[in-house]
Every structure is written in C-alpha cells, then in structure tokens.
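Peer 1: build me a structure from this.
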Amino acid sequence: MTDRRIGSQGRIAALALTLGAAGAGMALLHDRPASAQQPGTADPLRAGGQLASFRSDAEFLAFLAKRRAALARQQADNPPPPPPPASPPSMAAPAPVAAQESAKADSIVTTGSRTSDKITNTQEADVDEGGIVKKRGDLLIILRRGRLFTVSVAGGRMRPIDFANASPPGISGGGDWYDEMLVSGDRVIVIGYSYARGGTEVNRFRLSPDGRLRFEDAYHLRSNDYYSSRNYASRLIGNRLVYYTPLYLGWDGTSPFGSFPAVSRWQGGKPDFRRIAGARDVYVVSSMRDDAAVPLDTLHSVIDCDLTAPVMNCNATAVLGPASRTFYVSSTAVYLWVSDARHRNSARRGVANSWLYRLPLSRMERPSAIGAWGQPTDQFSFREDRRSGLIDVLVRNDGGGDAMWNSENGAAGARSGGVALLSVPVRWMGDGGRTVPLSRYRELPAVGADSWNFQNRFVGNHILYGGHGYRRGQTSMLVAAGLRGGPVAEIPLPHAVERLDQLGEDGAVIGNDPRGGLNFTAIDLRTPLARRGHSFTFPNAQQGENRSQAFFYRADTPDGATGLLGLPITTQLQSQYARFLGSGSSILFLRRQARQFAMAGRLDADPYRAVDDACLASCVDWYGNARPIFIGNRVFALMGYELVEGRLTNGSIHEVGRANFAPPARVPLQQR
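Peer 2: Numbering: from 1, shown residues only. The predicted model follows:
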C-alpha cells in the first residue's frame, strides 16, 4: 500500500502504431454496427450487451487457483527482476465507503439539495463531489484538519456556530485522513481513510436547523487508499453515495474473499466486516479470463449507499482487471478505464491493452465493456454525451491511471506524442469481446516535447488540452478540437497550461509565465474553430491550490460572457504560518465584462490571527484549505480557519467582514 506521506486514413494508421495496436485494429476499420448509428433509438445510453459474472464463490475460487498455478509456473521459468529503488518518503494518505447488503434498488432517486445550495465547482452539474466546504440553507459546513465546523451566513452576517471531531467518539483519529465531505438533507457525511484501522470511514452527523452538529453513526468500508491528486473518491447523486475503490487480491494462497467489498458498522472496537458483494457481483471480460498473461489482480469496486436510511445500506459491483485505472462518474453510470498498456505482448499479439467499463447506476442493467488502446489522464478525460449515446475519452499512448500522483508523474507519456479522441457508442459495449475500431479514434496534435502535468477538459462542443512545460523565449501550446469532426485549433500561449476550466460557454486556461506572472486566458468557443480570447496577468503569484474545486466562476449572463471568478493564490508567508494557512493565502477575484477580464481585487488571510489548533488527526490539507464561495450576490473567501466576506462595488471587491472559526483557547503563533 502506498502511503501518502483523428484525420486521414494515413494518420489513423499511424495512430495504430502510436497506441500500440500494431495495426491490429485495421481489420475492424469499418466494423460499425448499424444499431449504433441510428439516431433517436430509445435509451441511447443502454449497452448492447453485458459482461458475464462468476456463477458462484466456488467457481471464482477455482478460477483463481488455476491462475495462481499458471503464475507459479511462469515465475519458475522466468525469475522476476530485482525490485526497483524505494520511493522517496512521502507525507501520508486518504480513503473509500459502504454498509449492509439489502434489496437492491432499481435506480438512484434524485432527491438532493436545492440548486441554490450548490457552491462546489463540479465536473457534472447533477453529480456532487466530496469537498471541504458545503452549504445547506444559511449554513456553511467546513471540513478542516480532522474537524467539522459550521458557520451561519444568515442576516448578512457571519457567525461561527459549532465544531466537532470528524472521527467517531472515543477515537483519536491518529493515522486517519478526513478528506471529503458531502451533505444530504440534514446529514453531513465525512469520508476518510484510516491507516490506523484500515479502510475507508464514512461518518454521519446530523445537522440541526441552527447549525449544531451531532454524531449519528459511522461505517468502515473495506478499501485501499483512494487518494488521487486530481480525482475525488466520493460522489453524491440524489440521496446515494457513490464510491469507487480498487481492492487488490493477494496471490499468496489466502482466501480472496477477505479482499471483497465489505462494510462494518462502527461499534467502538475492531471492524467486523460483512461482505456486500459475492462472486456473482464480480464481472470479467471473457478474453481476459482466458488469458493467463493478463494480470487480474484488482477488484475495481463501485459501492453505492443510501445515505438517508436509518442504518446505511450499501451494495457493490466489481470488475476484475489489471491495477492501472481511471474513473469518471456521470449521473447514469461509473465509467472505468482499466489498462494493461505496459503489457509487453499486447502490441505484438494485436490485442487491446485497455478496457472501458460502464457500471450503470441503475440496477436494471449489468456492467458492460469494450476493448481499446491507450490511457486517459484523469476524470476530465471523459464526458458522457447523453443525447448522442456516446462516451468520449481523450487518450494518450501511455499513463498510469489517476491513483496517487500518477496523473502528474504519468504525464511523461505526453512527451512521446500520441493524443487521440475516442468516441464510443454506448450500445457497442457488451461482454468485452469487441474492440473499438481505429475509425473511432481521431488523432490530434501532440503537445510539446517538454510538456508535463498534462491537462484536459471538455468544454461545450470542444476538448481542450495542453501541458505545463515551457522554455524561456518559447510558447506553450493549447489544443482545442471541435467534437464530432469539428476543426482543430492549435493556440500558442505565453504561459503554461496548469489549469483548464470553463467560463460559461468559453474555456479558461490558467498558468504561470517565465516571469512569474499568473495568467488567465479565455478561449472563445462560440465558433467551431476556437480562438484565443482576452488575457489577464497578475504579477508575482501562482495558484495556491491545484484541485478543480478551488476554482469557481459565477456567470452573471446566460452565456457566461459576464461574471466573476475566484481562485486561491499564494503570497509569501513565514514558514511557521504555512502549515496552518496552506499555500492559498489569498483569493484573487477577476471580473469578466463582455468577455474582457479586469481586476476585481483580493481577499487576504490574516497571518497574525493564525493559531495552533492542537491538531490530532488529518493534519495535512491534502485537498487544500482555500475556496472562493458565491452565495447569490454575496462573495466569500475561505482561507484556513478564516471566512472573509467581500462586496463588489463599482467593479472592485473590498472586505466587509471576517470570521475566524478556529477551535477556541489556543495560543496565537506570533505570541510564541
């Protein structure tokens, strides 16, 4: 366990080699089922087939015994190479979610919070993501350094109300990382990973109308650390918690069922896990099942739980495959890309080295899959097109999935080129025996050879992507490709591509230039051929947060041509303050008027009000500690333990109030 401490036929043929297909898919070039081409077909997001599951626990055990025997013979014939050097020490890590098996609901019911309570910048408008701050009515709920806090913003004021440990009563929380929070009705749900007790914690609290917190109950989900530098472990769809976790099967002869999805209701002692999935809930692609050379060592598990039940009940579905993975959650399904892209025989034998799975959230459907090549970078490499019945995925020739820091470290694959847009009709997905034909890959321009930290994002009818790297005197390149065969624009930029997001109908590119300025560039997407829009540079600064939720744009017109954006930025602080305020020491606000940027102002944290909070659990802000918050016409900056309100007057923001919600009775740092 890792601790946390594409164009012409000629170009398609070239892409086959780049993606490691070795021409294997050329015979499938025109293999396009007619059923997938029929517009207006009922239920365009319903798969044309389904994966097969194991019929019993006994069949699963026999399958594993056969593979273990084959692996033992292979290792005897080919001794393994020496182990790689040890990884440098890191700081520490996070987690996953579940509970008892129950009658499986037909579908997820959408009964979530009011739209006005949405303050999180999420990938999908109707899918909430676990975060560090949420809203219910006039209350803000904040998760920080192992504690929950509530602040009332009623009556035009800010008033801290209550705080509570994010851990269950009687637990110190040492060795735990409480990273994500969701709010469903009057329940606050904290998601954390426990290295002390193992597995993911799901802790439920009740929130009273006046902002008081009361611990309700807690559950342990069997899991490995869910941490990703970009993705989020938990999603909320209606009243359902949707959670993904990889579970690694041992090959030492122990029972595999000790690695199956399971849940334990916390009773104050060691977790007593009950399985919530059996072998009949485990699916596998038939071609992989019969291929002893493909490593099938990971149960990629999707757990969904009813958060409103008096006793939280959960179900789980899993697919068996290699470890490398990237996942994306829409309102209809979890899409999982599982890759054996480094499997050295895949190109020579002309077989798929990746599989795209669809795990529907409706219990009326079973999982489905299709073979493919390449690897997406992160969740933003995916988008489900519900109207057309397609799943679009931007892939590259290599990568390691989105676990831990792989989105950044694996981005070295961008240096060797190989970028393509894959569009798969969901109706083509079935038992995994079909491979996506190369005609469905659209080769796109590669980013520069010096690029790293690859970024990508679907915005409107375009896919945007680029990299972080630049050399002095040179430019970075942003690629904006129109979907469904639209034109491709290669847009040179004088700054790095460190963040991609959207401004209403347009795109946003944010990154530093060689002189240290933080640049904001709009990408005008009103026409099929994207164009570079207006740019703004804020000198001597950089982003204070890397996560997608740290950015927020409040569109004040339907097309987003006018609005207000907020982003944490860094300022110079003494090192003793850094661990309490994080790097997001200010929130920068920019106005956008008729697609032109202008400075609105900054709201700054006060380092002299920083206090020693005597933190006992989750004492590193893995998900950051600063967020811009927009509630109607009110503007807030969350920075560490401070909530600062600003007012936009004549185009400029000025501070009108400040509340500090740090735990009481601590010594200010400057008095030491």
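
Peer 1: contacting residues for the residue nearest the centre of the chain?
Peer 2: Centroid-nearest residue in the chain: N231, 2.0 Å away (criterion: Cα atoms, centre = their mean). Contact analysis of N231 by Cβ atoms under 8 Å, 6 or more residues apart in numbering lists 326-327, 378-379, 402. Using the backbone N, CA and C atoms, a C-beta is placed for each residue, glycine as well.

Peer 1: make JSON lines from those residues and add secondary structure to it.
Peer 2: Formatted as JSON lines, the contacts of N231 follow (DSSP: H, G, I helix; E, B strand; the rest coil):
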{"residue": "T326", "secondary structure": "strand"}
{"residue": "F327", "secondary structure": "strand"}
{"residue": "D378", "secondary structure": "coil"}
{"residue": "Q379", "secondary structure": "helix"}
{"residue": "D402", "secondary structure": "coil"}
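
Peer 1: which of those residues has the most neighbours?
Peer 2: Tallying neighbours with other Cβ atoms under 10 Å puts T326 at the head of those, with 31 neighbours.

Peer 1: ok, what's across the strand from that residue?
Peer 2: Beta bridges link T326 to W337, judged by DSSP bridges.

Peer 1: so it touches S381, yeah?
Peer 2: Yes - T326 is in contact with S381 according to Cβ atoms under 8 Å; the separation is 6.8 Å.

Peer 1: what's the neighbour count on Q50?
Peer 2: Counted with other Cβ under 10 Å, Q50 comes out at 18.

Peer 1: what's the neighbour count on the closest residue to it other than its chain neighbours?
Peer 2: Among residues not flanking Q50 along the chain, R366 sits closest, at 4.1 Å (Cβ to Cβ, 6 or more residues apart in numbering). Residues lying near R366 (other Cβ under 10 Å) number 16.

Peer 1: one more: R387?
Peer 2: 9.

Peer 1: over to L529?
Peer 2: Quick note: L529 (other Cβ under 10 Å) scores 13 neighbours.

Peer 1: what does D621 give?
Peer 2: Neighbour number of D621 under other Cβ under 10 Å is 20.

Peer 1: tell me the pLDDT at it?
Peer 2: D621 carries a pLDDT value of 88.

Peer 1: the chain should start at 44 in everything you say after this.
Peer 2: All set: I'll call the first residue 44, so the last point we hit is now D664.

Peer 1: that one falls within a strand, correct?
Peer 2: No - residue state for D664 (three-state DSSP) corresponds to coil; a strand is not indicated.

Peer 1: name the residues that touch the longest helix seen in the chain?
Peer 2: If you go by DSSP state H, the chain has its longest helix at helix 100-120. For helix 100-120, contacts defined as Cβ under 8 Å, 6+ apart pick out 97, 292, 294, 296, 299-300, 321-322, 325, 332, 335, 339.

Peer 1: could you dump those residues into TSV and include secondary structure?
Peer 2: Below are the contacts of helix 100-120 laid out as TSV (three-state DSSP):
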residue	secondary structure
F97	coil
L292	coil
W294	coil
G296	coil
P299	helix
F300	helix
G321	coil
A322	helix
V325	strand
R332	helix
A335	coil
L339	coil
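
Peer 1: greatest separation within the residues you listed: which pair is it?
Peer 2: G321 and A335 (24.2 Å; Cβ to Cβ).

Peer 1: is it correct that E698 is in contact with E688?
Peer 2: Yes - if you go by Cβ under 8 Å, E698 and E688 touch, sitting 7.2 Å apart.

Peer 1: so for these two, which residue has more residues nearby?
Peer 2: E688 (21 against 14).

Peer 1: number of residues surrounding the residue nearest to that one when sequence neighbours are not counted?
Peer 2: Nearest residue to E688 in three dimensions, chain neighbours excluded: G700, at 4.2 Å (Cβ to Cβ, 6+ apart). Neighbours of G700 under the rule other Cβ under 10 Å: 15.

Peer 1: how about stretch 552-565: buried residues?
Peer 2: Using 16 or more other Cβ atoms under 10 Å as the test for burial, stretch 552-565 gives 552-556, 560-565.

Peer 1: now swap in stretch 665-684 and tell me
Peer 2: 665-674, 677-684.

Peer 1: where are the low-confidence patches of the protein?
Peer 2: Along the chain, the parts satisfying pLDDT under 70 run over 44-85, 117-118, 120-159, 294-296, 384-393, 441-460, 491-495, 512-517, 614-627, 708-715.

Peer 1: if you set the cut-off to 50 instead, what comes out?
Peer 2: 44-84, 126-158, 387-388, 390-391, 446-459, 616-624, 710-715 (pLDDT under 50).

Peer 1: which parts of it are helices?
Peer 2: Counting by DSSP H, the helices of the chain are 52-61, 100-120, 329-332, 389-392, 449-452, 618-624.
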